[in-house]
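# this is the structure alone, sequence omitted:
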């Protein structure tokens, strides 16, 4: 009961609160008010309690205030669940796990000795092979598609068909973000001596993951975050969610995305720190950031100040940034299919067709990087 924000628990909390309020009202009114007024006040208190229960139930049934984790997983996932202190964020080694929302799709993944959803990697690379390591979150691991339809696997197939001698390692991990990917690269992957590291990044990485977890300070063992008090209220009360989201302007991860303070934190601290750290781990010529849009950004564009900050810091650190949105728009237009046919409804991840598009667009960005075919 206490592990999940159930309606029963919310009802209990509201009941206790109104019971306390009722007792206070009764005691005070008995001293100060006539019996007739006191009865009216008590009836009003009970009516208010019933109204709160009715509104709470209506919001839950309608799904109006349901957040992403509830839509995808069927339960509330506390924002503080993130691995704030985990230096290396991977799956258990040499095991099988499933990724998906459990209703629209659910696909198995087998991990290698690094805890990554890919075949076992060979440390020694043949001289004739161009090795690419793909870093990213669930969009790189391939949530929403079978293991053979992830963009790293499809990219390797597409490049091989073009006559390139390449291998693409999938180092994507569901739930990770660019700072966790940085630590994975730094401590586990540099020994594989990649010719190119592709780091996929989205607006959600900035607006949700980094916004909640922060930057490098999260790896300080003396720090780390737990639930903020108002998240407990937000989690258990859908009335509170309505107020937080629609009135106070908080996103589902409880940050004000449009506030100048929030944007400044991301653009002036987190993004510069991210590019600085990556540039120190691997030579700049061997790294490329790929900015990819989710469905909403494909249709409407990115947050301009965040996009500008990415390009500005990439230029300062000599790290190439390639934007896939123009290619997405062209690919979708050429396909003749509606935009939403490349993403899973209610989940937000690509389906197999979406990952085919992602691989195609990344492949187009590598034409000036890959060695000339022999």
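Looks like it arrived, so ask away. No experiment lies behind these values; they were computed from the predicted model shown.
# now do the buried residues in the longest helix seen in the chain.
Assignment by DSSP state H gives helix 35-62 as the longest helix of the chain. By 16 or more other C-beta atoms under 10 Å, the buried positions in helix 35-62 come out as 38, 41, 45, 49, 52-53, 56, 59-60. The C-beta positions use only the backbone N, C-alpha and C, and glycine is treated the same way.
# which stretches of the protein have low pLDDT?
Low-confidence segments of the chain (pLDDT under 70): 1-15, 18, 22, 25-26, 29-31, 33, 79-86, 221-229, 373-374.
# now do the strands in the stretch 1-150 of the chain.
Read by DSSP state E, counting those that start in this stretch, the stretch 1-150 of the chain holds these strands, from start to end of the chain: 96-100, 106-110, 130-136.
# an error on my part: the question was meant for the stretch 151-300 of the chain.
Using DSSP E, counting those that start in this stretch, strands in the stretch 151-300 of the chain cover 166-172, 196-201, 287-291.
# out of the ones you listed, which is closest to residue 359?
Proximity to residue 359 (C-beta to C-beta) singles out strand 166-172 among these, at 9.4 Å.
# which elements pack onto the closest one?
For strand 166-172, the elements it packs on are strand 130-136, helix 138-141, helix 151-161, judged by 3 or more C-beta pairs under 8 Å, 6 or more residues apart in numbering; DSSP states H and E.
# try 10 Å
Identification of packing neighbours for strand 166-172 by 3 or more C-beta pairs under 10 Å, 6 or more residues apart in numbering; DSSP states H and E yields strand 130-136, helix 138-141, helix 151-161, helix 178-184, strand 196-201.
# for the second one, which outside residues touch it?
Read that as helix 138-141. For helix 138-141, contacts defined as C-beta atoms under 10 Å, 6 or more residues apart in numbering pick out 91, 99, 109, 116-118, 134, 144, 147, 150-152, 170-176, 181, 198-202, 204-205, 290, 292, 294, 347-350, 354-355, 358.
# where does that helix sit relative to the chain's centre, distance-wise?
Here helix 138-141 is found 10 Å from its chain centre; the criterion is C-alpha atoms, centre = their mean, to the nearest Å.
# need the strands of the stretch 151-300 of the chain in a markdown table with mean neighbour count and distance to residue 281, can you?
Listed next are the strands of the stretch 151-300 of the chain as a markdown table, based on neighbours: other C-beta atoms under 10 Å; distance: least, C-beta to C-beta, whole Å:
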| stretch | mean neighbour count | distance to residue 281 |
| --- | --- | --- |
| strand 166-172 | 24 | 13 |
| strand 196-201 | 23 | 9 |
| strand 287-291 | 23 | 8 |
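# including distance to residue 298, could those go into a markdown table?
Converted to a markdown table, those look like this (distance: least, C-beta to C-beta, whole Å):
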| stretch | distance to residue 298 |
| --- | --- |
| strand 166-172 | 20 |
| strand 196-201 | 15 |
| strand 287-291 | 12 |
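# looking at these, which is nearest to residue 301?
Among those, the nearest to residue 301 by C-beta to C-beta is strand 287-291 (11.6 Å).
# which strand residues bridge the nearest residue to residue 181 once chain neighbours are set aside?
The shortest distance from residue 181 to any residue other than its chain neighbours is 4.2 Å, reached at residue 135 (C-beta to C-beta, 6 or more residues apart in numbering). Legend: beta-bridge partners of residue 135 under DSSP bridges are residue 171, residue 199.
# how many neighbours does residue 135 have?
By the measure other C-beta atoms under 10 Å, the count of residues near residue 135 is 29.
# mind listing what it touches?
152, 169-173, 176, 178, 180-182, 184-185, 189, 194, 197-201, 278, 287, 289-290.
# check residue 276 too.
Residues counted as contacts of residue 276 (C-beta under 10 Å, 6+ apart) are 216, 313, 316-317.
# now swap in residue 156 and tell me
Shown in contact with residue 156 (C-beta under 10 Å, 6+ apart): 132, 134, 150, 164, 166-170, 359, 363.
# 6 Å instead?
Contacts of residue 156 were listed using C-beta atoms under 6 Å, 6 or more residues apart in numbering, and they are residue 168.
# could you do residue 267 as well?
Residues in contact with residue 267 (C-beta under 6 Å, 6+ apart) are 305, 309.
# domains in the chain, by residue range?
Domain ranges of the chain: 7-62, 79-365, per automatic domain parsing.
# most tightly packed of those?
Neighbour counts (mean count of other C-beta atoms under 10 Å) averaged over each of the domains of the chain peak at domain 79-365, with a mean of 18.
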